[in-house]
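Engineer: Kindly generate the corresponding structure for this input.
(2 chains)
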Amino acid sequence: MLKLKNVNTFYGNIQALRNINIEVGQGEIITLIGANGAGKTTTLMTISGVVPPRTGEVLYNGEPIHKAKPDKIVKMGISQVPEGRLIFPDLTITENLDMGAFLRDDKEGVKADMDHVFELFPILWERRRQLGGNLSGGEQQMLAISRALMARPRLLLLDEPSLGLAPLIIRQIFEIVKKINEESGTTVFLVEQNANLALKTAHRGYVMENGEIILSDTSDELLANEDIKKAYLGL
Amino acid sequence: MEYFLELFFSGLTRGSIYALIALGYTMVYGIIELINFAHGEIYMIGAFVGLVVAGILTSFGFPAASIIVLASIAAIIYAAAYGYTLEKIAYRPLRDAPRLSPLISAIGMSIFLQNYVMLSQTSDFLSFPNLIPEFHFLGKFESMVGSSDFVIIVVAAVVMVALNLFIKFTRMGKAMRATAQNRKMAMLVGINVDQVISATFVIGSALAAVGGILIASHIGQINFFIGFIAGIKAFTAAVLGGIGSIPGAMLGGLILGWTESFCTGYVSSDYEDVFAFALLVLILIFRPSGLLGKAPIQKV
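Structural biologist: Prediction:
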């Protein structure tokens, strides 16, 4: 479904991604783990077209998208839940969700999807008239995921959904991510620092260090890998 | 009392114009955090285009009322094209550069446009025809508010209401609000941010052109330098109201207009600018984010 081929991305003269090769299959949950500053967020921004690669290719269903603008990429079915959630602070929850459906004009479908995300996260329904800026971290994360779902993505990119949240909320959010994947077949590409949790959720994983992919395998193998245990799982 | 009302209305007239120009500053700042120092020049160009078109139409014998409408339309289109081009050539290439670079580019464009108009037109003051026809339905208020004052106030009010409705209810308005709140996220929900930025410049420039025509016709003369003074005043109004805030620009414009008008009327016209800028200094000391602006929130 999604394929990164020898992707090199730069910020000015600084190279953030080196020869990245990643493949995400239809219906999979794939995780990308790695330390702070390894290039995980840049990988997602490259896929979303916000920071286009200097060389290499990004293919989506076989079609090159690395030269496409972010809005075209959203239109093709790739939505991102960015790091830090980036809720629109002065819009209400409903308006934030509506913004997620910016490119859609099927009013009925948007309404139905909004009901659906309110079902997934009932707390958002209760607070639907509150401003995004007044929500707690966990609620903001729920809103950010819901907003991405409002675009009806085929591929959902998640950037550190666990960041700064209480363990209980994190578990809840990961449950929902699994549910989204299982129920609607949405493919998920999950970036995480919390390697343990990410590998337990995902089918396969990639490990990133200093802008390079150093390892990729099934989640079970990675969880059992001695080096990974030492470096990322704290065991 | 009558004197007070007279000053009140002349302040309202001035303030309406400041508000129209201030909106351009505040909208651009809200979206790309740039003080567009060349915005005053767009206003000046709007006035020049109005003068040229009015001259041509007059020589063909068009009636006065149609001249002001046609001249305004021409000025709006011309100024909007200037605003669009300005952003494209002077700011867009610098979008990811350090913040000082586009600011310097803006000052450069301001100086360039002033000199361009001076060389291609003239450095002398040109008299601007009074395009606003006199009318007499205001009765006893006529001594306090002239026909052109009245038109300026009404036009400015209509334009500002229309702008608010646009921002609130249209798709582009929605995109503008989202982009102003978080540009990166706006991209990620599929908003074409380049388009939004262009639209912001086009709208801001069109508002400035309306202001340019109205005030030129009111005062009766223009030259290549009028954009500088008006630009600084309108910028003051935008900061006063809280830069980035649309209602703030409107409020700031009116307050500035009234401050100048009352100080001129009750103290001395020599101190007009002193009071205007003293007000700015006071606001910046006691409420740095402006009257309706929000203090920047540190995002965690």
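Engineer: who in chain A is up against chain B?
Structural biologist: Proximity of chain A to chain B, by Cβ under 8 Å from any Cβ of the partner chain, involves residues A:48-50, A:69-71, A:74-75, A:79-80, A:82, A:84, A:86-91, A:99-100, A:102-103, A:133, A:147, A:151, A:164. Heads up, the C-betas are built off the backbone N, CA and C, glycines and all.
Engineer: The closest residue to residue B:87 other than its chain neighbours: neighbouring residues, count only.
Structural biologist: For residue B:87, ignoring the flanking residues on the chain, the nearest one in space by Cβ to Cβ, 6 or more residues apart in numbering or on different chains is residue B:201 at 4.3 Å. Under the neighbour criterion other Cβ atoms under 10 Å in any protein chain shown, residue B:201 is assigned a count of 26.
Engineer: got it, and residue B:134?
Structural biologist: Residue B:134 has 10 nearby residues by other Cβ under 10 Å.
Engineer: Could you do residue B:170 as well?
Structural biologist: Neighbours around residue B:170, by other Cβ under 10 Å: 11.
Engineer: Repeat that for residue A:143.
Structural biologist: Residue A:143: 25 neighbours (other Cβ under 10 Å).
Engineer: tell me which element it is part of?
Structural biologist: Element membership for residue A:143 (DSSP states H and E) is helix A:137-149.
Engineer: ok, and what's touching that helix?
Structural biologist: When contacts are defined by Cβ atoms under 8 Å, 6 or more residues apart in numbering or on different chains, helix A:137-149 is touched by residues A:79-82, A:85-87, A:93, A:96-97, A:99-100, A:113, A:116-117, A:120-121, A:123-124, A:127, A:132, A:135, A:156-158, A:161, A:164-166, A:169, A:172-173, A:176-177, A:180, A:186, B:189.
Engineer: ditto for stretch A:212-232
Structural biologist: Contacts of stretch A:212-232 (Cβ under 8 Å, 6+ apart): A:18-22, A:31, A:33-35, A:39, A:195-196, A:199-200, A:202-208, A:233, A:235.
Engineer: Can you point out the buried residues in that stretch?
Structural biologist: A:213, A:216-217, A:219, A:222-223, A:225, A:228, A:231-232 (16 or more other Cβ atoms under 10 Å in any protein chain shown).
Engineer: first vs last residue of it, how far apart are they?
Structural biologist: Taking Cα to Cα, to the nearest Å as the measure, stretch A:212-232 stretches 16 Å from start to finish.
Engineer: tell me the mean pLDDT over it?
Structural biologist: Mean pLDDT, computed over stretch A:212-232, is 91.
Engineer: Narrow the contacts of helix A:137-149 to those in strands?
Structural biologist: Those of the contacts of helix A:137-149 mapping onto strands are A:79-81, A:156-158, per DSSP state E.
Engineer: looking at the residues you listed, which has the most residues close by?
Structural biologist: Ranked by neighbour count (other Cβ under 10 Å), those have residue A:80 at the top, with 31 neighbours.
Engineer: Enumerate the beta-bridge partners assigned to it.
Structural biologist: residue A:157 (DSSP bridges).
Engineer: What residues does it make contact with?
Structural biologist: Residue A:80 touches A:44, A:47-48, A:148, A:156-159, B:188, counting by Cβ under 8 Å, 6+ apart.
Engineer: Go through the chain and flag its longest helix.
Structural biologist: Went with chain A since none was named. For chain A, the longest helix by residue count, based on DSSP state H, is helix A:167-184.
Engineer: Actually, chain B is the one I wanted.
Structural biologist: Ordering each helix of chain B by length in residues (DSSP H) puts helix B:2-32 first.
Engineer: Looking at the following helix or strand past that one now, give me its mean pLDDT.
Structural biologist: Counting by DSSP H and E, the next helix or strand C-terminal to helix B:2-32 is helix B:39-59. Across helix B:39-59, the average pLDDT comes to 94.
Engineer: Same check on stretch A:91-108?
Structural biologist: In this model, stretch A:91-108 has an average pLDDT of 95.
Engineer: And stretch B:110-130, end to end?
Structural biologist: In stretch B:110-130, first residue to last residue: 27 Å (Cα to Cα).
Engineer: can you pull the buried residues of that stretch?
Structural biologist: The neighbour-count check on stretch B:110-130 (16+ other Cβ under 10 Å) flags B:110, B:113-114, B:117, B:126, B:128-130 as buried.
Engineer: about what we covered before: any buried residues in the helix or strand following the longest helix of chain A, and which?
Structural biologist: Under the assignment DSSP H and E, the closest C-terminal helix or strand after helix A:167-184 is strand A:187-192. By neighbour count on 16+ other Cβ under 10 Å, the buried set for strand A:187-192 is A:187-192.
Engineer: sorry, back to before: among the contacts of stretch A:212-232, name the buried ones.
Structural biologist: Neighbour-count burial (16+ other Cβ under 10 Å) applied to those gives A:20, A:22, A:31, A:33-34, A:39, A:195-196, A:199, A:202-208.
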